[in-house]
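Asks: Next input, structure requested:
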Amino acid sequence: QVQLVESGGGLVQAGGSLRLSCAVSGSIFSIPPMGWYRQAPGKQRELVASITSGANTNYADSVKGRFTISRDNAKNLVALQMNSLKPEDTAVYFCHAAVLRESGGYFTMADYWGQGTQVTVSS
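Replies: Here you go, the predicted structure:
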């Protein structure tokens, strides 16, 4: 089994900062990409930022220059530092990990998600 446990989030005024963290545990061989998605009410889930095990990053245009994603490969942690928050950043944020597992010499890849954490930015 693989579990993703998120922390952080909450209520902040526009212009403020928050930090989200996500710890991945369980039977893991490696985690090539990790990332954060968000879903606002009435909207589809969208990619916020992703990072590979080699630290290559990808950001949504709407958060470039304000958000920074990082990871600790040894601890299977991924974090999202969110600065200069705007009301339009309000959403439930989900941690994502594509996990490579090994069993009996066979490898399988599957997507895993955290439970989601609410981020609310007031104007």
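Asks: show me where the protein has strands.
Replies: Secondary structure of the chain (DSSP state E): strands at 2-7, 10-13, 18-26, 33-39, 46-52, 57-59, 67-72, 77-82, 91-103, 106-113, 117-122.
Asks: quick one: the last one to strand 77-82, angle?
Replies: This points to strand 117-122. Strand 117-122 runs at 10 degrees relative to strand 77-82, counting by axes from the mean of the first three to the mean of the last three Cα atoms, to 10 degrees.
Asks: contacts for strand 117-122?
Replies: Contact with strand 117-122 is made by 6-14, 16, 18, 20, 38, 82, 85-93, as judged by Cβ atoms under 8 Å, 6 or more residues apart in numbering. Yep, even glycine has a C-beta here, placed from its N, CA and C like the rest.
Asks: Which members of those residues are classed as buried?
Replies: 6, 8-9, 12, 18, 20, 38, 82, 85, 89-93 (16 or more other Cβ atoms under 10 Å).
Asks: Count the neighbours of the nearest residue to residue 39 once chain neighbours are set aside for me.
Replies: What sits nearest to residue 39 in space, not counting adjacent residues and going by Cβ to Cβ, 6 or more residues apart in numbering, is residue 45, at 4.2 Å. Residue 45 has 15 neighbours, counted by other Cβ atoms under 10 Å.
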